[in-house]
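1. Fold the following, please.
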Amino acid sequence: MDDDSIQKEFMLEATPMNLRNRIVFAPSVPHRFHTVRLQLADLVFDPLGVGAHTSALDAIWASCGFISLGGTRFINRVGSSLLHAMQASGLIVNSLEEYKTKAIFLGKHPKWLGTVE
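-> Alright, predicted model coming up:
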């Protein structure tokens with residue numbers, strides 16, 4: 001799937017849950033602007049199959065939560081390790097279904113992010 005297809009599918013899923021107006025697909029910008037705009041976000045997704053790495057650290061520094069899919073591969077362990085270190089293992093999921101469920105829950109209950117353990 002290309003980026004446009006993924007974004008369209010994401011928005012189709014978000015529409016019936018009234019989350020469409022809270023989702024932003026941000027274009028690439030210089031790092032100094034990226035870190036500032038992260039402060040406006042509630043949640044960042046650790047990209048499946050790629051891993052957030054530095055973007056996850058940027059999200060942490062901006063006090064923005066992120067969801068990470070755990071696993072045994074290096075790309076999965078980076079996000080999970082960061083969340084464990086933050087004592088936020090509640091944002092580590094173990095399946096794609098759990099990833100989706102957690103994202104929907106956090107979209108509907110953003111204040112929960114401040115209580116994650």
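2. Enumerate every residue touching the closest residue to Ser89 other than its chain neighbours.
-> Counting by Cβ to Cβ, 6 or more residues apart in numbering, Leu83 is the residue found nearest to Ser89 once chain neighbours are left out, at 5.8 Å. In this view, the C-beta of every residue, glycine as well, is placed from N, C-alpha and C. If you count contacts by Cβ atoms under 8 Å, 6 or more residues apart in numbering, Leu83 has them with 66, 68, 89, 91-92.
3. Can you tell me the SS state at Leu83?
-> Of the three states, Leu83 takes helix according to DSSP: H, G, I helix; E, B strand; the rest coil.
4. before we move on, the earlier item: just the ones of the contacts of Leu83 in strands?
-> Among the contacts of Leu83, the members falling in strands (DSSP state E) are 66, 68, 92.
5. neighbours of the spatially closest residue to the first one that is not a sequence neighbour, just the number please.
-> The reference is to Phe66. Excluding the flanking residues, the one nearest Phe66 by Cβ to Cβ, 6+ apart is Val44, at 4.1 Å. Neighbour count for Val44, taken as other Cβ atoms under 10 Å: 21.
6. Could you do Pro30 as well?
-> Residues lying near Pro30 (other Cβ under 10 Å) number 7.
7. Return the backbone torsion pair for it.
-> Per-residue torsions, Pro30: phi -60, psi 150 (degrees, to the nearest 10).
8. now the ones in strands among the contacts of Leu83: which count as buried?
-> 66, 68, 92 (16 or more other Cβ atoms under 10 Å).
9. Would you check that the second one makes contact with His84?
-> It stands for Ser68. No: shown here, Ser68 and His84 do not form a contact pair, counting by Cβ atoms under 8 Å, at 9.8 Å.
10. Okay, and the spatially closest residue to Met17 that is not a sequence neighbour sits in which element?
-> Excluding the flanking residues, the one nearest Met17 by Cβ to Cβ, 6+ apart is Ile104, at 6.1 Å. Assigned by DSSP states H and E, Ile104 falls within helix 96-108.
11. From what I see, Lys108 and Asp42 are in contact.
-> No: at 11.1 Å, Lys108 does not count as touching Asp42 under the criterion of Cβ under 8 Å.
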